Structures are given as structure tokens and as C-alpha cells.
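Trainee: give the three-dimensional model of this entry:
(chains A and B)
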Amino acid sequence: MDKERFGLKKGRQRPPYKPKDMHCPSCGAGLTVKDERSELVVCDYCGSHLDVSKEEKTVLGKGSGKKWEFPLQLGDSFFRKTSKFEIIGRMAFIEDGDYDELTRQYLLYNPRRGTIWLDEYQGQYSISGDSHVMPTSDPFAKRRGDTLKTYDKREWVTEGTGTYELVYVDGSLPWLAKVGDESDYAEFSEKSGSGKQYEVQRIANEIEYGSGETLSIRAVRQATGKADLGGKTIPKTARRAAGVGKPQDAANTRKWFLSIIVVAVVTLLISGALNLYCRSTGRLVLDQSFSAEQLNTEATSNPFDVKNANDVIKVVARANVSNAWMALDVGIIKGEDAVIHVYGSDISYYNGVEGGESWSEGSQSASTYIKIPDPGAYRLLVHAVSARGNATSASQAIHDVRIRVYSGALVPQFSFISGVLSLIILVPTSWAYRRWKEQE
Amino acid sequence: MKPIMTINCPSCGAGHEIFNPGVITVVCEYCGNAVYWDKEKIEDAGKQAVLPEGFSRLYRGATGMMFNKRFVVLGRVRYSFGKGFWDEWFLEFSDGTTNWLSEDNHELALEIETSGMTVPDFSTLSPGYKMTVKSKKNTITYVIEEIGEAECLGVEGDLPRLLQSGERYAYADGSSPEGHYTIGIEYDEDPPTVFLGRWLKYASLKMDDEGLEW
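Mentor: Residues are numbered from 1 along each chain as shown, chains lettered A, B, ... in the order given. Predicted structure coming up:
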């Protein structure tokens, strides 16, 4: 084998890149076609749409006549990975006939690297190229926030699906596009929040896949050298505070929602578990029942011990009330007769059957937490009145009550408050997440 | 080493040195006629269309490196699929082996002609059709992405078979769903010619002259 032929730069010299020159068959203006694959060229001068796919150029007609504003112009350079691309084509798409929902698309060309697409929607940019990676399920059946897997074992979050309508085109394109053309799209961002994107387009019976990534406005400004692109530059500190190093996409939004929901649910579960734990703590130091007769006079309980200063005692009163209520007054006595704390507790429990369904409200027990400043022996002073049915007042007790006292109990109010706060966060966040998913 | 043979163009008389024994056609770069030969004769296959150059990383005569092997581009065939075209670059590596490098919209796939494969009848194929190919190494499922009729738009350089402008045949192209492997079926003979290959990343191919300035 002649190794010389394979030596470094031993081959033929590279032929130069020469764009094709042509004249518009409609107005005669001189046009330059940068990409040999271009099939459609829109005349810069008369706006005619030209079919240049064959030797004989033909006029297909003119565009809509409406001029759209583009931040980037035909011929502008775009630098990517040290390669210079040039904008050779521009398109504008709308969805559902809404001209406020405009997507601008730029075709970037480099004769050695081919074509890539730069998309802009409401100041957010992304760049993409062809891909042959296929989805494992129907991408067009997805809704925003749904996940999609591709055969390269990556997972994506649906940005949106729908149908684009082409409303404007200029420059040159590698197919014969015409205003009014429609294409179904499904767009996804990587679930990991990497900013990578995946897209599927269906035009007639052809399905095309693309992959790319979001670009910050700053990156687009650097790539184009244009400082006046519009869009908002978020200060670095604000970006860091908001946790958005790159443009927000569905994956990041979904992650944000789910993170809050997960944190709220976990906090709720922990609060619940803590609450149960708090309720189960404490050493039983008194368990005594009081008859209705005893409650009618002020009854005194057996003594119980509180071992440590500032111990919390939990007093649980349980009355066998059914469709009845009890107003219970409890005093805590230290020593012989020093009342250190008095509180009232209402116990009511009503139940029945209505419309074939049973119902109940209230509870037959009530718990109260009291901090005892000093250790020592204590007793309870108990008095109650109770009544059945809808009576709003009573002068004596007609129900018994059982009272248990636990010493060294933990107060569950903090876990209760955190549980309520979790719910306050969880409910509107879940609602907002659902609304976000439903909005395309 | 010296060339294995020298072919003189029957049309203009220009001499062409042939180094690879797999080459049986050369397009004369002086007069544009395709010349092919066998053991007994050298024939003139007529004038070929001149293919545009300068719009790709590759070009006839280019040298470079792929998978740690030096290569030189011997020739090219350009096909139209109706809505556009693609190029098939014929490569010779420094170990004497040859491969086709398919280029469609600057996407490159390295392909090897595979014999002994049974493929579905063209009439049964449509985009989305799945077919599984078993080999000694692995089993790969391919999804047909495109079917159509290809027309040879032109040829240049040294080629391993006689190809001429205007030739038409049905074709089907596909990829493995994870985007690594390619299949190309040309319904030009019976049985059809099957090419199996893999998509190349940009960095997999290093040209001696990348032509980055343009």
C-alpha cells in the first residue's frame, strides 16, 4: 500500500466555497444562494417566493405581504463552538391564530457543519439540530408537565404540544415552505434540568426529531455580537437567588413545583408523625373516673407527682357523651389547697344518620397541656355540668368523666402548626401545578 | 508502492493511476467521462454531470483520520430523493479497506455493504416500519425513517462499481431508535443491496483541512 497517499495533507487541495449566484425570474434582481441544498429562495427585492430546486427557477408566488420584526437579520453571523454560522433563512409561526404567540425561527448555515435552528419565543432562545433518537411513546399525546422517555435512556418533560402555522418566511430554506403550512410539534426539556431540549415535528406524514438546548439572552448576544436584542438580563445575584442560571423551561418549572409539593408533603408527614409521637409521650400519673354526682360538687382527685420543674402535664378527659355535651372545669392544686391553674374544657359529641349516611361531629375526649413550674405532689379539682340534645345550658352533670394525667408530656402544637403551614403551602401549590399543566 | 494499474481514458487519453483493487470505475477529471473496466476491456460510460464542490467537510481527494485510521476520499456519488439530495463518499483507509460515508444535510454515517441479508419487500415498507437484524455480535432493531426513489445525479473520482447519472432505484433508510446505527437498503438488484452503519459525531471525523474559514 502506498502510505504516501495517506500522509497529512497529501491529498487534493480543498475546493473553495462559492455561493451560487442567480437572478430573480420575477424582478431580475441578483441573488446569492449560500446553501446548495436550498429549494426555496425569497427575493430580497420583490418578495417573490422562488423554487430553485431545479435548473429552471420558477416563481411560486409572494408571501403574506406583512412584515414581521426580527431581532436578527439575514446575513448576521452566529458563532457556535468556534464555528461561524450565518443566518440564511427566517420564519415566523403562530399557534391557534394568535399573533401575540409568535415564534421566530432562524436557519443558521455553515458549509462545513450544515444547518441548525435558532428559535425565539417571547425573548427565550433555544438552538437545535437533527437527531435520530426516537421516543418510546407517542410524543403528540403528551400534555405539559408529562414525562417522555427516549430510546437513548433519557427522560424529558413536555413543554407543550400543538400545531404551528407558518405566517412568514424570507431568505432561503431547504424545502418549499409556503405561508399557511402547518406542522404538529411536541417540545420537551430534559427532566434533569440540564437545559437540553428534544423536539418532534410532524409535517404531513413525515416525522422529524431534533435535539438542542436553551440559550440565555446573554449567550445569544455573545454569539451574534448584538447587544440590542431585547429580552431581560437578570442580574447575576438575582439569578442566583432565584436559582435560575439558565432560562426557565418546563423541566425546571415542573421540578420547582414538585420540589415544593414534596417538601410540603414530607413536612406534613413529619408533622403528623411528630404529633402522634407527642401525643403518646408522658408518664401516666393519674387515672381516675368521676361520677356525675361527684362532678356536681367539686370533686378532688387522688394526688399525682410531677418530678421536674417546668414539666408539662397532659390532662385527658373522656366523657361518654353521645348527642350531648359537657362543660368541664378543672383546677390544679398544689399541696393542700393552693390552686395554681384553672381551665375549662368543652366536650361534645353528636352523631346520627341523614339521607342514609351516618355523620358525627365533635369528640368524646379533650386534651389540655399545662406547664407545671415546680416539682411536687398535685391534685385536680373537678367540676362539670352536662346536657343532652340541643339544650344550651345545664345546672348539673348527668355524665361521668374519666381523667388521665400524663407527666413529662411533649406539646404537639408546633408539629400541628407546621402541619397547617405545610397544608397552606401544599394546597395552593398543587392547584397551581395542576393549572400550569392544563395551560398549553 | 506503485499503482496496481494505470487506466487511460478512452475518450481523452488521460492516464489514471489506480491503487485500490476494489476500484472498477473512474470518472476522468479532465474530460468528465466515466471509464469502467473488467479483465478483458476498458469501456467509456459517457459524460457525467459535474458535481458542485465546496459545500461539505468532504471532497474528492481529501485526507483525514477516522477511528485512528488515515483515509483518503476516492470518489463520490450524489443521489436525489426528490425533495433534496444526499452524497455517498467512497473512502479508502490506510489498511486498504474501503467504506462508504453517507452524507445527508451534513449528517455523516459510515456504512458497510452487507451480503446475505434478507430484507422486506419494498412495497411492505413505510416510515415507522421496524425490522430486526441479527448478527454474530448483536441484534439491532431499525426503524425505517424514509422511503423513496433515488436518482443518481452524478459521480466523480474512483468508485467500486459502475454508477451513472440518471440511474434510478427504490430505497429505504432507517436508524436504530436510540440514534446510533443506520440501515440503507437499495432495491437496485435482486436481492437488494443492504448497507449497515453508524451515525458519526462531528468529532469522529478529523479532516486534514477542515476548511473552517469560509
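Trainee: list the helices and strands the longest strand along chain B packs on?
Mentor: The longest strand of chain B (DSSP state E) is strand B:139-159. The elements that strand B:139-159 packs onto, with contact taken as 3 or more CB pairs under 8 Å, 6 or more residues apart in numbering or on different chains; DSSP states H and E, are strand B:25-27, strand B:69-80, strand B:85-93, strand B:130-134, strand B:168-175, strand B:181-187. For the C-beta atoms, the positions are set from N, CA and C on the backbone; glycine is no exception.
Trainee: report the inter-axis angle for that strand versus strand B:181-187.
Mentor: Here strand B:139-159 points in a direction 60 degrees away from that of strand B:181-187 (axes from the mean of the first three to the mean of the last three CA atoms, to 10 degrees).
Trainee: now the helices and strands packed on strand B:139-159 in CSV, with mean pLDDT?
Mentor: Output for the helices and strands packed on strand B:139-159, formatted as CSV (pLDDT from 0 to 100):
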stretch, mean pLDDT
strand B:25-27, 93
strand B:69-80, 95
strand B:85-93, 95
strand B:130-134, 92
strand B:168-175, 95
strand B:181-187, 95
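Trainee: so of these, which one's packed in deepest?
Mentor: Highest mean neighbour count of the helices and strands packed on strand B:139-159: strand B:25-27, a mean of 25 (counted as mean count of other CB atoms under 10 Å in any protein chain shown).
Trainee: beyond that one, next helix or strand please.
Mentor: strand B:33-37 (DSSP states H and E).
Trainee: buried sites along the helix or strand that that next one is followed by?
Mentor: Per DSSP H and E, the first helix or strand lying C-terminal to strand B:33-37 is strand B:42-47. Across strand B:42-47, burial judged by 16 or more other CB atoms under 10 Å in any protein chain shown covers B:Ala45.
Trainee: the helix or strand where A:Tyr277 lies packs against which elements?
Mentor: Assessed by DSSP H and E, A:Tyr277 sits inside helix A:250-280. On a contact count with 3+ CB pairs under 8 Å, 6+ apart, helix A:250-280 meets strand A:155-173, strand A:182-190, helix A:413-438.
Trainee: what angle do strand A:155-173 and that helix make with each other?
Mentor: 160 degrees.
Trainee: out of the helices and strands packed on helix A:250-280, the one nearest A:Leu148 is which?
Mentor: For A:Leu148, the closest of those is strand A:155-173, at 4.7 Å, according to CB to CB.
Trainee: would you say A:Gln288 is within a strand?
Mentor: Yes. Under DSSP: H, G, I helix; E, B strand; the rest coil, A:Gln288 falls within a strand.
Trainee: can you report how many residues neighbour the residue nearest to it when sequence neighbours are not counted?
Mentor: Leaving aside its sequence neighbours, A:Gln288 sits nearest to A:Ser301 (CB to CB, 6 or more residues apart in numbering or on different chains; 5.2 Å). Counted with other CB atoms under 10 Å in any protein chain shown, residues neighbouring A:Ser301 total 19.
Trainee: ok, A:Trp436 next?
Mentor: Number of residues near A:Trp436 (other CB under 10 Å) recorded here: 15.
Trainee: was I right about it contacting A:Arg144?
Mentor: Yes. A:Trp436 lies in contact with A:Arg144 (CB atoms under 8 Å); the separation is 7.1 Å.
Trainee: which strands and helices sit next to whichever strand or helix holds B:Gly197?
Mentor: Counting by DSSP H and E, the element that carries B:Gly197 is strand B:193-200. Using 3+ CB pairs under 8 Å, 6+ apart, the elements in contact with strand B:193-200 are strand B:98-104, strand B:107-114, strand B:181-187.
Trainee: the following helix or strand past that strand: how far from the chain's middle?
Mentor: As assigned by DSSP H and E, the chain's next helix or strand after strand B:193-200 is strand B:205-207. Relative to the chain's own centre, strand B:205-207 is displaced by 17 Å; criterion: CA atoms, centre = their mean, to the nearest Å.
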